[in-house]
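> coordinates only, sequence not included:
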């Protein structure tokens, strides 16, 4: 059943992206060296412009249908691609490059580019911060900047860029709104609000299919360990309303009651002392790890004594595979891919846990 769902979901998504490219009039343009791969929407309704979008740092007014869209985070690139739009460049940093063999392209983005018939865009290096690459951004000649998930955007850089190029960005903080709301905002800026509803409905349907394919997930508890924060503390998920929690809950799993008692930060994380690691037991433990190695946990006997650990009910999301990014910074594209990758491992973990 899982293989059937996966195949159906991928075919449907690929067809939707290909159709989107035709519906919104995606076009390819060449730069002076004929190597530029630019593709952005031409709204079917030019009367929708100008359109003004509000954000944390101010208003951005898009005067006419955009032609060259530039995302400032991989999540923003995902949103554009899900709407049938090929960005003029893909933003990257050291972590992204390390996890993608220096291509800067996540697996779900690679598939979307294929579905759209687009070549891989050039890369925009953002490790040095937005202020250091403003000239590079302007040189790319975007007519819209999308920044719902970029942490480096601040008031100063917004005020510098927005008068030249409208910067459509977050309301509270980067990656601070549900991916559905960010998709709607970007689609409105592009003049294709109806496309956002199609994308969201398709993603929700795929998640619902996955949930139905795994009824054993319903009601099972989980804890998610995000990483070592230093000073003898772990970052663990303390809210199911953000990132990985939203993903796991959509599959029918329930965050453990203990985790919800921890003080939570704006990113849905709580801090846990290693001496309290024995309180983390649940039906499934999901661990974000650097390369799949859980040594930062297994060196503690309290971790090894957890019933879930002893049963093998542990799912590791290695950073160098992109899986934590897919669920921690979700989009319609990344969630479809992540479900394909992670759901079978959760099912295996639950089976092992049930046998304990």
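Arrived safely. Given the structure is predicted, the values throughout are model-derived calculations rather than measurements. Numbers count the residues shown, from 1 in each chain.
> can you pull the pLDDT of residue 319?
Confidence per residue is given as pLDDT, and for residue 319 that number is 88.
> can you tell me the closest non-neighbouring residue to it?
residue 290 (5.5 Å; Cβ to Cβ, 6 or more residues apart in numbering). All C-beta spots, glycine's among them, are computed from the backbone N, C-alpha and C.
> could you measure from the one you found over to residue 296?
Residue 290 sits 8 Å away from residue 296 when distances are taken as Cβ to Cβ, to the nearest Å.
> rewinding a little: how about the residue nearest to residue 319, phi and psi?
Here the main-chain torsion angles of residue 290 (degrees, to the nearest 10) amount to phi -60, psi -50.
> do residue 101 as well
Main-chain dihedrals, residue 101, degrees, to the nearest 10: phi 60, psi 40.
> where do the strands sit along the stretch 101-250 of the chain?
According to DSSP state E, counting those that start in this stretch, the stretch 101-250 of the chain carries its strands in the segments 122-125, 144-147, 167-169, 221-230, 233-237.
> what mean pLDDT does stretch 250-266 get?
If you average the pLDDT values across stretch 250-266, you get 93.
> pull the number of nearby residues for the residue lying closest to residue 158 once chain neighbours are set aside.
Of all residues not flanking residue 158 in the chain, residue 57 sits nearest, at 3.9 Å (Cβ to Cβ, 6+ apart). For residue 57, the number of neighbouring residues by other Cβ atoms under 10 Å comes to 18.
> cool, and the one 3 residues further on?
For residue 60, the tally of surrounding residues (other Cβ under 10 Å) stands at 22.
> isn't there a strand covering it?
Yes. Secondary structure assignment places residue 60 in a strand (DSSP: H, G, I helix; E, B strand; the rest coil).
> what's near enough to touch it?
With contacts defined as Cβ atoms under 8 Å, 6 or more residues apart in numbering, residue 60 is in contact with 52, 53, 162, 166, 167, 168, 169, 189.
> correct me if wrong: residue 150 contacts residue 173.
No. Using Cβ atoms under 8 Å as the test, residue 150 is too far from residue 173 to be in contact (10.6 Å).
> more neighbours, the two?
residue 150 (23 against 13).
> quick one, phi/psi of that one?
phi -100, psi 120.
> flag the shaky bits of the protein, pLDDT-wise.
Within the chain, the ranges that satisfy pLDDT under 70 run 1-44, 356.
> quick one: the helices in it?
For the chain, helices defined by DSSP state H occupy the ranges 2-23, 74-82, 94-99, 107-116, 134-139, 155-161, 179-190, 193-213, 243-250, 295-298, 301-304, 307-311, 323-328, 332-354.
> how about those helices in a markdown table, adding distance to residue 221 and mean neighbour count?
Formatted as a markdown table, those follow (distance: least, Cβ to Cβ, whole Å; neighbours: other Cβ atoms under 10 Å):
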| stretch | distance to residue 221 | mean neighbour count |
| --- | --- | --- |
| helix 2-23 | 22 | 16 |
| helix 74-82 | 28 | 29 |
| helix 94-99 | 29 | 15 |
| helix 107-116 | 28 | 21 |
| helix 134-139 | 45 | 13 |
| helix 155-161 | 41 | 16 |
| helix 179-190 | 24 | 23 |
| helix 193-213 | 16 | 18 |
| helix 243-250 | 10 | 21 |
| helix 295-298 | 18 | 15 |
| helix 301-304 | 17 | 14 |
| helix 307-311 | 9 | 17 |
| helix 323-328 | 18 | 25 |
| helix 332-354 | 10 | 21 |
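> adding distance to residue 237 as columns, could you present those helices in JSON lines?
Supplementary listing: the helices of the chain in JSON lines, determined by distance: least, Cβ to Cβ, whole Å:
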{"stretch": "helix 2-23", "distance to residue 237": "25"}
{"stretch": "helix 74-82", "distance to residue 237": "18"}
{"stretch": "helix 94-99", "distance to residue 237": "20"}
{"stretch": "helix 107-116", "distance to residue 237": "22"}
{"stretch": "helix 134-139", "distance to residue 237": "34"}
{"stretch": "helix 155-161", "distance to residue 237": "30"}
{"stretch": "helix 179-190", "distance to residue 237": "17"}
{"stretch": "helix 193-213", "distance to residue 237": "18"}
{"stretch": "helix 243-250", "distance to residue 237": "5"}
{"stretch": "helix 295-298", "distance to residue 237": "15"}
{"stretch": "helix 301-304", "distance to residue 237": "16"}
{"stretch": "helix 307-311", "distance to residue 237": "15"}
{"stretch": "helix 323-328", "distance to residue 237": "10"}
{"stretch": "helix 332-354", "distance to residue 237": "14"}
